[in-house]
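**Student:** Next comes the sequence, and after it the predicted model I'd like to discuss.
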Amino acid sequence: MRFWLLLLVFISTAANAQKEGVEVQKSRLLLLPAATVEHSAGQQYGQLMRAAAQKGLLNNDPQQVERLRRIARELIPHATRFNSNAQAWRWEVNLITSGTVNAFCMPGGKIAFFTGILDALQLTDDEVATIMGHEIGHALLEHGRARMSQEVLKNVGITVAAAVFNLGQISGELLAQAANLAVSLP
C-alpha cells in the first residue's frame, strides 16, 4: 500500500494550489509560538483521552487501533517534508468509541478517529489514509495555531476597544459577539 503517497498528494496539492488559483497555504497569522500551541493541544488531547478511558470508550477494538497506528506509521515519516517541526512531535493515534463520523489531528501530531467514521463508511485502508493525511495536513499547515492566534488577536482587540471607548461589561460582551460573527464564523 502507498499510504504515504496519499499524504504527499494532499500536501503537494495544498502547497501548489495557489499556482492553480486556490489559496491553500500555511497561515501567515501565527502570533503564538508553535511550542505553546502544541503543549496546549497535547493537554486538551490528554484530557479527551482520559475522559474517553473513564467512560470505557477508548481503544476498545485492538484490531482497529493497530490498523490506524499502522497507517499513521506509514504517513508520519513523510510529514517533516512539509513541516520540519513535525520531527519533534510526539505523535499519538487513538480510537474513540462514538457514533461521531469524524477524525482529527491536533497540533503536535495528536490523532484521533471515532469509530463512527470507520463503521458508517466502511473505510478501506487507503480511505483511512486519505482522511488521516487530510487531518495531518491541517496540523502541518498549522491551522490550529492560526485559529488560536486569531482568537488572541480578536480578544486583545475587544479588550482595547472596550477600554478606549469606556464600554461597560454588557457593551463589551456585545462587541465580543459582533467580533465573533464578523471574524470567527464566516
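**Tutor:** Arrived safely, thanks for sending.

**Student:** ok, which stretches of the chain are helices?
**Tutor:** 3-16, 34-54, 62-75, 115-121, 125-140, 143-164, 169-179 (DSSP state H).

**Student:** tilt between the third one and helix 125-140?
**Tutor:** Using axes from the mean of the first three to the mean of the last three Cα atoms, to 10 degrees, the inter-axis angle of helix 62-75 relative to helix 125-140 is 60 degrees.

**Student:** helices and strands around helix 62-75, which ones?
**Tutor:** helix 3-16, strand 92-96, strand 110-114, helix 125-140 (3 or more Cβ pairs under 8 Å, 6 or more residues apart in numbering; DSSP states H and E). From N, CA and C alone the C-beta is placed, and that goes for glycine too.

**Student:** Provide the count of other residues in contact range of I131.
**Tutor:** Neighbour count of I131, defined by other Cβ atoms under 10 Å: 20.

**Student:** Touching, it and T124? I think so.
**Tutor:** No. Using Cβ atoms under 8 Å, I131 makes no contact with T124, being 10.8 Å away.

**Student:** Flag the shaky bits of the chain, pLDDT-wise.
**Tutor:** 1-29, 31-32, 144-146, 148-150, 152-186 (pLDDT under 70).

**Student:** Identify the residues contacting the nearest residue to L57 once chain neighbours are set aside.
**Tutor:** Nearest residue to L57 in three dimensions, chain neighbours excluded: T97, at 4.3 Å (Cβ to Cβ, 6 or more residues apart in numbering). Going by Cβ atoms under 8 Å, 6 or more residues apart in numbering, T97 touches A52, G56, L57, L58, N60, D61, F114, T115.
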